[in-house]
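Student: structure for the following, please:
(one chain, ligands or ions: 1)
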Amino acid sequence: MQEWERNRGLWSARMRTRGGCGSEEWVVRNLRRCKRRKWVPVPSLRRTCPALSRQDAASETRPTALFPDYQSHTDQGGGAILSNIQPAITQHTTNNPTLIANAPPTATMHITVVPASPKTGQAAIRALLADPARPTVKGVYRNLARVPAEFTSNPRFEAVQGDVEDASSLDVAGSDAVFTITPPIYDEQDIVAHARNVSENVRAAVQRAGSVARLVLLSSAGAQYDTGTGEILSNHAAEVALADAAPEVVFVRGAYFMENWAMCLETIPAGFFFSTLTPMDYGLPMIAVQDIGAACAAELLATGTPLASRPYVFELHGPRLYTSVDVQKAFEEATGRSLEIRPVERDGLVDFYNAVFPPAVAKLYAEMNASFLEGGVLHQNPNPTREVRKGKTELVEALKQLCA
Ligand SMILES: NC(=O)c1ccc[n+]([C@@H]2O[C@H](COP(=O)([O-])OP(=O)(O)OC[C@H]3O[C@@H](n4cnc5c(N)ncnc54)[C@H](OP(=O)(O)O)[C@@H]3O)[C@@H](O)[C@H]2O)c1
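Tutor: Predicted coordinates:
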């Protein structure tokens, strides 16, 4: 059968919906017709049909079990058609109080996290697997030996091999939504070229799949700038490459990770830690990785909800600003001992980072660090998108977890 013939059922469904049809009987009749003729049913049609969804709930089936063609169709790019049609039907159903009252649970979503190893990827997977929406989650790992046991034991999780540096290794077919992160690199490579390359590889995989309605990128505060922000330039490159990768694109611009303070654990047994956040009473937005995971999971699960723009961008901060003194107090509470802060002043940043990174990386980290201090480019306009969401984890909780 030609693809246009298969899709005729979908277009016909759309036209009927526009014409005011769409009773429960009509939906059941059309879904049965799709099944009989091996056409692909529109997911939101299935959602409006309690009879079929009850079958789903009872057997815990994915759409592929009820409608075997669903998977192969979306693999061939039919998902784009589904995405186009869905809004019309969703609008229709949301105008119908009877259908809303009888609405069954949402159909299973399929979400891919690529790459899955970064700690933010792990936090998002953890949040997705714990969510009552019960999505299936696929994690892409360059090394399958690194998959955490807490995920492999979950029947809704699947780990697959893939490396964001190798376009041909990435397969996100069948996914409704994709979460991506540009993994940091600490060698002498050009970080901007690397971020552009891995993001273009993810973009190509998303577009090959044809099923992906929403792409969520973990980006960074300051990613709107194309100069003067050091390592954050990698996030800028990723945003440029992915801005129109899918029908819905969300950039989550994370603040400074609370977990960055893990670098202090080495010297804390000696009673001190270095801080590059100066002066000591200067406050910076910080966010816990678990809150990043929760925020990104929520965005992925909201796939299909209209966004005000493409890309849709927001800043993600913690509950409040934190200073170096706050970090000192939080570490003291977490470790039960008093600690000295050893400030690293602005003009000492390059030497400080040179002690741990190759020179090119050290220069980028020093530039990034200066960009968020007083007078830096990020400090001048800390909320450029005018939308700031806040995580709930306090610094002391995050540092207690680091010290545990
Ligand atoms: N730190 C901050 O304050 C901050 C703030 C805002 C935004 N960000 C952004 O957040 C992102 C970093 O997130 P994160 O901290 O969660 O990362 P992370 O934990 O540092 O991620 C490192 C992991 O990525 C995996 N990886 C590296 N190269 C890979 C590849 N080619 N293919 C597949 N996996 C690869 C590696 O895992 P395996 O060895 O197991 O493969 C590695 O352990 C960056 O884009 C950064 O710019 C950071």
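Student: so residue 316, which state does it fall into?
Tutor: strand (DSSP: H, G, I helix; E, B strand; the rest coil).
Student: give the contact list for it.
Tutor: 252, 253, 254, 255, 287, 291, 292, 295, 388, 389, 390, 391 (C-beta atoms under 8 Å, 6 or more residues apart in numbering). C-beta: built from backbone N, CA, C; applies to glycine.
Student: ok, the fourth one - how many residues close by?
Tutor: Read it as residue 255. Neighbours of residue 255 under the rule other C-beta atoms under 10 Å: 26.
Student: then residue 236?
Tutor: Around residue 236 there are 21 residues (other C-beta under 10 Å).
Student: which residues touch it?
Tutor: Taking C-beta under 8 Å, 6+ apart, we find residue 236 in contact with 192, 223, 224, 225, 226, 229.
Student: most neighbours among those residues, which one is it?
Tutor: The residue in the contacts of residue 236 with the most neighbours, by other C-beta under 10 Å, is residue 229 (25 neighbours).
Student: can you redo the contacts of residue 236 as TSV with distance to residue 237?
Tutor: Formatted as TSV, the contacts of residue 236 follow (distance: C-beta to C-beta, whole Å):
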residue	distance to residue 237
192	5
223	9
224	12
225	12
226	9
229	11
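Student: out of these, what pair is the most spread apart?
Tutor: Greatest spacing in these, by C-beta to C-beta: 192 and 224 (14.8 Å).
Student: picking up where we left off before, the ligand: which of the contacts of residue 236 is nearest?
Tutor: Nearest to the ligand among those is residue 223, at 8.2 Å by C-beta to the nearest ligand atom.
Student: was I right about that closest one contacting residue 232?
Tutor: Yes - counting by C-beta atoms under 8 Å, residue 232 is a contact partner of residue 223 at 6.0 Å.
Student: ok, how many other residues are close to residue 133?
Tutor: By other C-beta under 10 Å, 14 other residues sit near residue 133.
Student: can I assume it is in contact with residue 301?
Tutor: Yes - Residue 133 lies in contact with residue 301 (C-beta under 8 Å); the separation is 5.4 Å.
Student: shared neighbours of these two, anything?
Tutor: By C-beta under 8 Å, 6+ apart, residue 133 and residue 301 have these common neighbours: residue 109.
Student: doesn't residue 140 fall inside a strand?
Tutor: Yes - using three-state DSSP, the assignment for residue 140 is a strand.
Student: and it, what is it in contact with?
Tutor: Contacts of residue 140 (C-beta under 8 Å, 6+ apart): 112, 113, 114, 115, 116, 160, 161, 162, 164, 170, 172.
Student: and of these, the nearest to residue 147?
Tutor: For the contacts of residue 140, the minimum distance to residue 147 (C-beta to C-beta) is 7.7 Å, reached by residue 116.
Student: the closest one and the ligand: what is the separation?
Tutor: 8 Å (C-beta to the nearest ligand atom, to the nearest Å).
Student: what residues are up against that residue?
Tutor: Residues near residue 116 by C-beta under 8 Å, 6+ apart: 122, 125, 139, 140, 141, 147, 159.
Student: near the ligand at all, stretch 387-396?
Tutor: No - against the ligand, stretch 387-396 shows no contacts by C-beta under 6 Å from any ligand atom, the least distance being 12.6 Å.
Student: quick one: contacts of that stretch?
Tutor: So stretch 387-396 is in contact with 258, 286-288, 290-292, 294-295, 313-319, 322, 326-327, 329-330, 333-334, going by C-beta under 8 Å, 6+ apart.
Student: just the buried ones out of those, please.
Tutor: Buried members of these, counted by 16 or more other C-beta atoms under 10 Å: 258, 286-288, 290-292, 294-295, 313-319, 322, 326-327, 329-330, 334.
Student: is it true that residue 311 touches residue 240?
Tutor: No - if you go by C-beta under 8 Å, residue 311 and residue 240 don't touch, sitting 10.3 Å apart.
Student: between the two, which has more neighbouring residues?
Tutor: Between residue 311 and residue 240, counted using other C-beta under 10 Å, residue 311 has the larger neighbour count: 19 against 15.
Student: which residues touch the more buried one?
Tutor: 239, 242, 243, 244, 249, 250, 251.
Student: and what of residue 378?
Tutor: Counted by C-beta under 8 Å, 6+ apart, residue 378 has contacts 221, 222, 229, 371, 372.
Student: mind checking which of the buried ones among the contacts of stretch 387-396 are in strands?
Tutor: 286, 287, 313, 314, 315, 316, 317, 322 (DSSP state E).
Student: hmm, back to that, out of the contacts of residue 140, list just those in strands.
Tutor: Per DSSP E, the subset of the contacts of residue 140 in strands is 112, 113, 114, 160, 161.
Student: go back to these and keep what's next to the ligand.
Tutor: Among the ones in strands among the contacts of residue 140, not one lies near the ligand by C-beta under 6 Å from any ligand atom.
Student: which of these lies closest to residue 401?
Tutor: residue 113 (21.2 Å).
Student: any idea how far the closest one is from residue 386?
Tutor: As judged by C-beta to C-beta, to the nearest Å, residue 113 and residue 386 stand 28 Å apart.
Student: among the contacts of residue 116, which one sits closest to the ligand?
Tutor: Closest to the ligand out of the contacts of residue 116 is residue 141 (6.2 Å), distances taken as C-beta to the nearest ligand atom.
Student: ok, the closest one - contacts?
Tutor: Contacts for residue 141 (C-beta under 8 Å, 6+ apart) come out as 115, 116, 117, 147, 159, 160, 161, 162.
Student: who touches the fifth one in this structure?
Tutor: This means residue 159. 116, 138, 139, 141, 144, 147, 151, 152.
Student: please redo it, this time with the cut-off set to 10 Å
Tutor: Going by C-beta atoms under 10 Å, 6 or more residues apart in numbering, residue 159 touches 116, 125, 137-141, 144, 146-148, 151-152.
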